[in-house]
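A.B. asks: any chance you can model this:
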Amino acid sequence: MQKSNLEKTAVKTSIVTIIINALLALFKLLAGIFGASIALISDAVHSASDVFSTVIVIIGVKISAKKADKKHPFGHERFECVAAILLAVVLCATGVAIGYAGLTNIISGEYKNFEIPKIIALIAAGVSIVVKELMFWYTWLAAKKVNSDALKADAWHHRSDALSSIGSLIGVIGAMCGVPILDSIACLVICLMIIIAAIQIFIGAIKKMTDEACDEKTESEIREFIQSFEGVKRIDELMTRMFGNRIYVIVEIACDGELSLIESHKIAEDVHKGIEEKFPLVKHITVHVNPFD
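C.D. replies: Below you'll find the predicted structure:
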């Protein structure tokens, strides 16, 4: 996947989600105000925060797509991880704010003075669940297509919004059935879901920032592919590390010790080119040749 395609896909997906999120946030805010639902108003704030988070995605992807330069000879892919970490922080702050509002209403007993939510609040919560789940799949499929961590984080942001809308729906229904405290309890549930999603995104990004090995399936496929090359007698060592959404590979292969330098170099070069062609996520592979004994 070319960087230009990654950037193009990510920006296109992000612009679409920004427009939808802005409209959805406005719709839920108005429905929450006129429908008398605190949970729905909190949910609208969450959707509004998605607009800001998607802007972070665009910035992160654009920077990560830049070519290597003198100061960054290995490229800029890790800036996507930085964007994902920022998204996690924003997501967590949003969750805490929503949870604080719900907890304050419960402790103060303010929920007893809330109006009974109207039917518009129920409709808005239902619409939000459907729209946000569709947005999750739209963004997730785009993220898988270009292997973008920032887009994946943004997709989960949409999924957490869909889950929070389910909490809003439960709160509205409970309040309409004469249990108004459920509206505030729903805010606490929303808070918990958002914070869990933020922690998962943060941990995933940190792992890629700290040179974690690639997944076992990919590493196994790389190992099998190297062993298929004629002249490779054995793999002495294979190491991988994640660099943003790309993979660096270091491998030591054993070849016949009687081969000339030119012949052993040819085998190493074939392995090098073959890996980078078969595995697009591999940014670079270093091949060292040992004599087979």
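
A.B. asks: model confidence over stretch 163-181, on average?
C.D. replies: For stretch 163-181, the mean pLDDT works out to 76.

A.B. asks: how distant is that stretch from the center of its chain?
C.D. replies: 29 Å (CA atoms, centre = their mean, to the nearest Å).

A.B. asks: give the buried residues for it.
C.D. replies: 163-176, 180-181 (16 or more other CB atoms under 10 Å). The C-beta positions use only the backbone N, C-alpha and C, and glycine is treated the same way.

A.B. asks: and stretch 265-282, by the same measure?
C.D. replies: For stretch 265-282, by 16+ other CB under 10 Å, it's 267, 268, 271, 272, 275, 279, 282.

A.B. asks: quick check, distance from that stretch to the centre of its chain.
C.D. replies: Distance, centroid of stretch 265-282 to centroid of chain: 29 Å (CA atoms, centre = their mean).

A.B. asks: neighbouring contacts of it?
C.D. replies: 1, 147, 214, 218, 221-222, 225-226, 229-232, 245-249, 251, 253, 255, 259, 284-285, 287-289 (CB atoms under 8 Å, 6 or more residues apart in numbering).

A.B. asks: tell me which entries of these lie within strands.
C.D. replies: Per DSSP state E, strands hold the following members of those: 246, 247, 248, 249, 251, 253, 255, 284, 285, 287, 288, 289.

A.B. asks: which among those residues count as buried?
C.D. replies: 246, 247, 248, 249, 251, 253, 255, 285, 287, 289.

A.B. asks: got the residues you listed as JSON lines, with distance to residue 239 and pLDDT columns?
C.D. replies: Listed next are these as JSON lines, based on distance: CB to CB, whole Å; pLDDT from 0 to 100:
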{"residue": "246", "distance to residue 239": "15", "pLDDT": "80"}
{"residue": "247", "distance to residue 239": "11", "pLDDT": "88"}
{"residue": "248", "distance to residue 239": "9", "pLDDT": "89"}
{"residue": "249", "distance to residue 239": "7", "pLDDT": "93"}
{"residue": "251", "distance to residue 239": "8", "pLDDT": "94"}
{"residue": "253", "distance to residue 239": "13", "pLDDT": "93"}
{"residue": "255", "distance to residue 239": "19", "pLDDT": "92"}
{"residue": "285", "distance to residue 239": "11", "pLDDT": "91"}
{"residue": "287", "distance to residue 239": "12", "pLDDT": "94"}
{"residue": "289", "distance to residue 239": "16", "pLDDT": "93"}
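
A.B. asks: closest one of those residues to residue 55?
C.D. replies: Using CB to CB, residue 246 comes nearest to residue 55 of these, at 23.9 Å.

A.B. asks: correct me, but the closest one touches residue 76?
C.D. replies: No. The pair residue 246 / residue 76 is not scored as a contact, 10.7 Å apart, by CB atoms under 8 Å.

A.B. asks: name the helix or strand for residue 235, please.
C.D. replies: For residue 235, the element it lies in under DSSP states H and E is strand 234-243.

A.B. asks: same question for that strand: list its buried residues.
C.D. replies: Applying 16+ other CB under 10 Å to strand 234-243 flags 235, 238, 240, 242, 243 as buried.

A.B. asks: for the ones in strands among the contacts of stretch 265-282, work out which two are farthest apart.
C.D. replies: 246 and 255 (27.5 Å).

A.B. asks: picking up where we left off before, looking at the buried residues of stretch 265-282, which are in helices?
C.D. replies: 267, 268, 271, 272, 275 (DSSP state H).

A.B. asks: let's have these in TSV, adding pLDDT.
C.D. replies: Formatted as TSV, these follow (pLDDT from 0 to 100):
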residue	pLDDT
267	93
268	93
271	94
272	94
275	93
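
A.B. asks: closest to residue 21 out of the residues you listed?
C.D. replies: residue 275 (39.9 Å).

A.B. asks: secondary structure class for residue 179?
C.D. replies: Using DSSP: H, G, I helix; E, B strand; the rest coil, the structure places residue 179 in coil.

A.B. asks: no further queries at this time; thank you.
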